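Undergrad: Let's see this in three dimensions:
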Amino acid sequence: MSRRRRRPLQEADNHDRWMVSYADFVTLLFAFFVVMYSISSVNKGKYETFSESLDQALFHNEKIQKEAEPIQIGVIPTTIQPIELPNLATAEERELSEEILQEKQRLSEVSEQFQGALQPYVESKLVGIKKHDFWVELEMNSELLFASGKAELSAKALPVLAKVAEVIRDVPNVINVEGYTDNVPISTGFYPSNWDLSSARATSVVKELVKNNIPATRLSAVGYGEFHPIADNKDEEGRFKNRRVVLVLMSQAFARYGMTDDERAKVLNLAPSQPSPPPETAVEKSPELPAQL
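TA: Below is the predicted model:
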């Protein structure tokens, strides 16, 4: 009896096996989103319970200390202790500084006196007063003092300068009288340039102050011409402001002839200047005569 040889069964093609893997993936993804949702709306108490449970289940540890112990750094001082610096100023230096302060105070008082004596002119903007730390400027418009193109004082200028002299008569400060013009060229027989006109106007003011008993040793006259304008020369308003005479009361410590070099060094707390050596006199040497044979 012959046996019939069995033929191997051919495996049927199963095209749906991917659905198993796909179902597992969808399940894991669903679980992931559930966990994420639970974390997003976490309750503090539940989170701590969940964390402890995980810790005990995975690591078998006791409850983790949640609160960190503060580091003891001692008592923080509530007040700042000042640093004591050595007193570098000596009694003499404080006295010298006091001299500067007294001079600044004196210049401030002069400025206030100018303001009171010349108040009508200040209000009409013909006079301006500028106070600085070490000098005071009294700015007078040329229309108040001179006629156009002239350097002779007008009649209305004399009482103004008399009031100015009353203020500056009793103070020792040196006074620089500075003349300024606009940029309009001038060329006359008396004043060939604005330099000449501004210098002549400053000199006229100086002479009038001398007539009012101001010592000539305290006065100087300077002409700046059209240079150093304070306004634009393009229009008449600017040129009006630039035509002016300025009295500058200088601090004695900064004026050339206000103090000697030693006095200035003392007030400014500087080292005294060393006396310059006398100039060497040239000695003429007689030509060497040839030796007689």
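Undergrad: Going by C-alpha atoms from here, please, whenever you check contacts or count neighbours.
TA: OK.
Undergrad: Hmm, residue 230 is touching residue 242, no?
TA: Yes - counting by Cα atoms under 8 Å, residue 230 touches residue 242, with 5.9 Å between them.
Undergrad: ok, which stretches of the chain are helices?
TA: For the chain, helices defined by DSSP state H occupy the ranges 18-40, 44-58, 91-117, 119-123, 142-145, 157-168, 194-211, 236-242, 261-267.
Undergrad: just how off-centre is the last one within its chain?
TA: By that I understand helix 261-267. Distance of helix 261-267 from its chain centroid, counting by Cα atoms, centre = their mean, to the nearest Å, is 28 Å.
Undergrad: So between residue 230 and residue 242, which is more surrounded?
TA: Between residue 230 and residue 242, counted using other Cα atoms under 10 Å, residue 242 has the larger neighbour count: 25 against 14.
Undergrad: do you know how far that one is from residue 176?
TA: Taking Cα to Cα, to the nearest Å as the measure, residue 242 falls 18 Å from residue 176.
Undergrad: Same question for residue 114.
TA: According to Cα to Cα, residue 114 and residue 176 sit 16 Å apart.
Undergrad: next one: residue 128
TA: Distance, residue 128 to residue 176, using Cα to Cα: 16 Å.
Undergrad: And residue 131, by the same measure?
TA: Taking Cα to Cα, one finds residue 131 at 15 Å from residue 176.
Undergrad: If you count surrounding residues, which of the two has more?
TA: A count of neighbours by other Cα under 10 Å puts residue 176 above the other of residue 131 and residue 176, at 20 against 16.
Undergrad: got the contact list for that one?
TA: 219-222, 246-250 (Cα atoms under 8 Å, 6 or more residues apart in numbering).
Undergrad: again with residue 247
TA: The contact partners of residue 247, by Cα under 8 Å, 6+ apart, come to 137-139, 175-178.
Undergrad: For my notes, please list those residues in JSON lines and give distance to residue 32 and pLDDT for each entry.
TA: Below are those laid out as JSON lines (distance: Cα to Cα, whole Å; pLDDT from 0 to 100):
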{"residue": "137", "distance to residue 32": "86", "pLDDT": "95"}
{"residue": "138", "distance to residue 32": "88", "pLDDT": "96"}
{"residue": "139", "distance to residue 32": "88", "pLDDT": "96"}
{"residue": "175", "distance to residue 32": "94", "pLDDT": "94"}
{"residue": "176", "distance to residue 32": "93", "pLDDT": "94"}
{"residue": "177", "distance to residue 32": "94", "pLDDT": "96"}
{"residue": "178", "distance to residue 32": "92", "pLDDT": "96"}
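Undergrad: in terms of contact, does residue 250 touch residue 175 like I think?
TA: Yes - counting by Cα under 8 Å, residue 250 does reach residue 175; the two are 6.3 Å apart.
Undergrad: Tell me which of these two has more neighbours.
TA: Legend: neighbour count by other Cα under 10 Å for residue 250 and residue 175, higher for residue 175 (26 against 22).
Undergrad: So what sits opposite that one in the bridge?
TA: Counting by DSSP bridges, residue 175 is bridged to residue 219, residue 249.
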